[in-house]
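Colleague: Only the shape, not the letters, is given here:
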């Protein structure tokens, strides 16, 4: 099992992307129901520093289209999010000011 994430939109809200993450074998294991996937990758969640670093891209769905990072589960509220295309390189902090926490 590996720490992976995807960004998905539901048909009712096609321009709103939701962050879905978990420990899975393949990115497609995170897909529930009929949704549009806007890429994905790997993540490193650090509870001590309250950071979530997103890396790389999905072999199933390609690189994450971060413009679809609009909704994040409320259990991650207070975390800072970073993105780096390559594991191990420092990431850029993502602006979460317009995020819907659900």
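Modeller: Done, it's in. Everything numeric here is computed off the predicted structure, so don't read it as measured data. Residues are numbered from 1 along each chain as shown.

Colleague: Assumed residue 45 was part of a strand.
Modeller: Yes: applying DSSP: H, G, I helix; E, B strand; the rest coil, one finds residue 45 inside a strand.

Colleague: so who does the residue nearest to it when sequence neighbours are not counted touch?
Modeller: Spatial nearest neighbour of residue 45, chain neighbours left out: residue 52 (5.2 Å); criterion: C-beta to C-beta, 6 or more residues apart in numbering. All C-beta atoms are positioned from the backbone trio N, CA, C, and that covers glycine. Going by C-beta atoms under 8 Å, 6 or more residues apart in numbering, residue 52 touches 43, 44, 45, 46, 76, 79, 80, 81, 82.

Colleague: mind listing the strands for this protein?
Modeller: In the chain, the strands defined using DSSP state E lie at 2-9, 18-24, 36-46, 51-55, 71-72, 80-84, 92-93, 100-101.

Colleague: coming back round to it: can you tell me which of the contacts of residue 52 is closest to residue 10?
Modeller: For the contacts of residue 52, the minimum distance to residue 10 (C-beta to C-beta) is 19.3 Å, reached by residue 76.

Colleague: confidence score at that closest one?
Modeller: pLDDT for residue 76: 98.

Colleague: Next: residue 89.
Modeller: 85.

Colleague: Count the residues that sit near it.
Modeller: Counted with other C-beta atoms under 10 Å, the neighbours of residue 89 add up to 9.

Colleague: tell me the phi and psi of it?
Modeller: When read as degrees, to the nearest 10, the backbone of residue 89 gives phi -80, psi 150.

Colleague: any idea how far residue 47 is from it?
Modeller: To residue 47, residue 89 is 22 Å away according to C-beta to C-beta, to the nearest Å.

Colleague: Point out where the chain drops to low pLDDT.
Modeller: For the chain, no stretch has pLDDT under 70.

Colleague: Nearest residue to residue 28 in space, ignoring adjacent ones along the chain?
Modeller: In space, residue 28 is closest to residue 60, 5.0 Å off (C-beta to C-beta, 6+ apart).

Colleague: who are the neighbours in contact with the one you found?
Modeller: Applying C-beta under 8 Å, 6+ apart, the residues near residue 60 are 26, 27, 28, 37, 40.
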